[in-house]
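Trainee: model the following, please.
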Amino acid sequence: MTKQPRLYTRKLAKRLKLSWQTSRWHRAGYLLLGVVLVILAIMYGVSRWYSWETRNQPLTYGVSFIPAYASSLGVDPQQTMDALLGIGVKQFRLVSYWDEIETAPGQYDFHDLDWQFQKAEAAHAHIILTVGLRQPRWPECHPPSFIDTSQPLDKWQPQLENFMTATINRYKNSPALYKYQLENEYFLHGFGDCKDFSRSRLVDEYNLVKRLDTQHPIIVGRSNNAQGFPAGQPTPDQFSISVYKRVWDAAVTHRYLEYPFPAWFYGYIAGVQKIYLGKDMSIAELQAEAWPPNGQTITETSLAEQNKSLDAVRLKKRFDFGKATGMKSIDLWGAEYWYYRKEVLHDDSLWRVAQTEFQSSAH
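Mentor: Numbers count the residues shown, from 1 in each chain. You can find the predicted model right below:
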């Protein structure tokens, strides 16, 4: 008779203990969910604040433009730039590749940059000139063949600074010059053929540009979807960010990958920076070209496959995405590609979207 109540009591105690433990995990889960929701609400609120803060600033669309890339696609670079000016592009982010300009030690060939500046000046367009070793498009770092950047800095940094000095002195008085971009996604280790990421070099280059030209602002860019807060020197006049939305995942899924971050996520990044540093942020590269699969080049990829990555509908959404971030200076990445699709593939669908967006933003 005494064993049954004791057995019942032990079972009841065990159930109560399990129930309490389960309840504890439920409470912990609800608490964690609540914390996540609060964080997301704060991020969203900062993003909305930033959009409100920039509401009266004019929206400016521009493009990155690289003559060598246009040539690789089989289109004439000068005709490509003329066509872009023709649809209303008034801001160009240009490159000054070290290996293309310093063809031999101390010998500079500025022919390509000269005609780009001349066209921009004639059209009253603005230029954001990228300077330094690391600049947009593969292999990112562009040292000439006679420079080994794996050597200690003192072996090659003076020559880099000589090249930068020649470039800046040549164009700093151009009425088209609007801003400089110093290097490109400087601290991004995982992409590009780059060997030096020392902060001291970036600081030295920043100080050099400021000494040579006190009139034009300097932008320093951060990489796509980068977390964290810009800390340490240099503190530029403005920061920029790259935004890529749909890429080919060659590492894991071997499928197209759509980054899940909404527009307000980038607005939050810009807003936090504005609050703490008082610096505005721009989009230096808003993906607007196809991302070929399996390491192929664009010209090796069929139009049907290109459309899986970027078609006219997605391009229109990309423009809308950029506007929704609250950032007011947005340079599209892939303008040469739009022209290639129109001229070589005889598909003007992207070109027509871009024309509509650039012309509507001008009014």
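
Trainee: can you read off the backbone torsions of Glu285?
Mentor: Geometry field for Glu285 lists phi and psi as phi -140, psi 100, criterion degrees, to the nearest 10.

Trainee: what's the answer for Val243, then?
Mentor: phi -130, psi 110.

Trainee: what residues are bridge-paired with it?
Mentor: Taking DSSP bridges, one finds Leu286 as the beta-bridge partners of Val243.

Trainee: burial count for it?
Mentor: Applying other CB atoms under 10 Å, we find 23 other residues in the vicinity of Val243. (Glycine included, C-beta is placed from N, CA and C.)

Trainee: please apply the same query to Ser198.
Mentor: When neighbours are defined as other CB under 10 Å, Ser198 has 11 of them.

Trainee: how far away is it from Cys141?
Mentor: According to CB to CB, to the nearest Å, Ser198 stands 13 Å off from Cys141.

Trainee: over to Lys308?
Mentor: Using CB to CB, Lys308 is found at 31 Å from Cys141.

Trainee: got the contact list for the residue most central in space within the chain?
Mentor: With distances taken as CA atoms, centre = their mean, the residue of the chain nearest its centroid is Ser242 (1.5 Å). Ser242 sits next to 185, 221-224, 283-286, 333 when contact means CB atoms under 8 Å, 6 or more residues apart in numbering.

Trainee: can you redo those residues as JSON lines with distance to Asp114, pLDDT and secondary structure?
Mentor: Conversion of the contacts of Ser242 to JSON lines gives the following (distance: CB to CB, whole Å; pLDDT from 0 to 100; DSSP: H, G, I helix; E, B strand; the rest coil):
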{"residue": "Glu185", "distance to Asp114": "27", "pLDDT": "90", "secondary structure": "coil"}
{"residue": "Gly221", "distance to Asp114": "25", "pLDDT": "87", "secondary structure": "strand"}
{"residue": "Arg222", "distance to Asp114": "31", "pLDDT": "76", "secondary structure": "strand"}
{"residue": "Ser223", "distance to Asp114": "31", "pLDDT": "64", "secondary structure": "coil"}
{"residue": "Asn224", "distance to Asp114": "32", "pLDDT": "57", "secondary structure": "coil"}
{"residue": "Ile283", "distance to Asp114": "28", "pLDDT": "96", "secondary structure": "strand"}
{"residue": "Ala284", "distance to Asp114": "23", "pLDDT": "96", "secondary structure": "strand"}
{"residue": "Glu285", "distance to Asp114": "25", "pLDDT": "95", "secondary structure": "strand"}
{"residue": "Leu286", "distance to Asp114": "28", "pLDDT": "97", "secondary structure": "strand"}
{"residue": "Trp333", "distance to Asp114": "24", "pLDDT": "98", "secondary structure": "strand"}
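
Trainee: I'd like to know which of these is nearest to Gly86.
Mentor: Within the contacts of Ser242, the smallest distance to Gly86 is 19.8 Å, found for Trp333 (CB to CB).

Trainee: may I have the phi/psi pair for Ile128?
Mentor: The phi/psi pair for Ile128 (degrees, to the nearest 10) reads phi -100, psi 110.

Trainee: before we move on, what about the one 5 residues further on?
Mentor: Main-chain dihedrals, Leu133, degrees, to the nearest 10: phi -80, psi -50.

Trainee: tell me how far it lies from Gln287.
Mentor: Counting by CB to CB, the separation of Leu133 from Gln287 is 24 Å.

Trainee: kindly report the same for Lys328.
Mentor: 19 Å.

Trainee: then Gln306?
Mentor: Gln306 sits at a distance of 13 Å from Gln287 (criterion: CB to CB).

Trainee: comparing these two, which residue is more hemmed in?
Mentor: More neighbours sit around Gln287 than around the other of Gln306 and Gln287, counting by other CB under 10 Å; the figures are 24 against 21.
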